[in-house]
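Q: Pasted the sequence and its predicted model underneath.
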Amino acid sequence: MKLSRYFSDLRKAYEAELDDLASDSEGKDVLKKRLAAKRSEIGFLVQMLAYSPEMVAVVFHRAFRFTKPAALQRLLTLQAEELPAWPELAGTVALEPWAEPVALKVLAEPGGPAFMTVAACLEYLHAHGFDAAEAAQAATQDEEADQRDDDGAGLSADDAGSAPDERSLDEAGADWLAEQGFERKE
């Protein structure tokens, strides 16, 4: 299975958000306490559904039961605009009873049904893992595809075949740093 770029990127942000919530500055485990606080703030958090879904999705940590894992794995290969809305996942994913009131608040929002699907997929990834080698391979393939797409953009036919000059990139970087107030390295 290869994650879509959407879920590959969002998964990293979701895991980072969970990591941030997991412990306090003294290293004590405070995840349950912080998740409870976030859940109580769902009325405010729903404002971030579209532009920062990973910050809202954590309120559904351990909130889903996955009855058809193969269906979830297929969803993880899709881009955001291709995902079905939450009602279409009936029979595939179920909510834990404690999460239903929170889900009702989210589902009442514009974009809520789409968000719930994303949250379920992120939690599936977190709970069931994803082979690190496959994740790294997928990321590498995406980066290579981006590089191929970017190669030659804005270049003449003569320029497209030549590699960029490392020295000129270094000089450009040094110029930019100097403009920002940093001293030049000799």
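A: Sure thing, it's come through. Numbering: from 1, shown residues only.

Q: make it CA atoms for all contacts and neighbour counts henceforth
A: Will do.

Q: Let me see the contact set for residue 72.
A: By CA atoms under 8 Å, 6 or more residues apart in numbering, the residues touching residue 72 are 92, 121, 124.

Q: rerun that using 10 Å as the cut-off
A: 66, 89, 92-93, 117, 120-122, 124-125 (CA atoms under 10 Å, 6 or more residues apart in numbering).

Q: where does the protein have its least confident helix or strand?
A: Sorted by mean pLDDT, DSSP states H and E, the helices and strands of the chain end with helix 157-160, the least confident at a mean of 46.

Q: Averaged pLDDT, the helix or strand hosting residue 170. What do you get?
A: Assigned by DSSP states H and E, residue 170 belongs to helix 166-179. For helix 166-179, mean pLDDT is 70.

Q: and that helix, which residues are buried?
A: Applying a neighbour-count criterion of 16 or more other CA atoms under 10 Å, one finds residue 174 buried in helix 166-179.

Q: do stretch 124-131 as well
A: Buried, per 16+ other CA under 10 Å, within stretch 124-131: 124-126.

Q: show me where the chain has helices.
A: For the chain, the helices defined by DSSP state H cover 5-22, 31-40, 42-45, 53-57, 69-75, 100-107, 112-128, 132-150, 157-160, 166-179.
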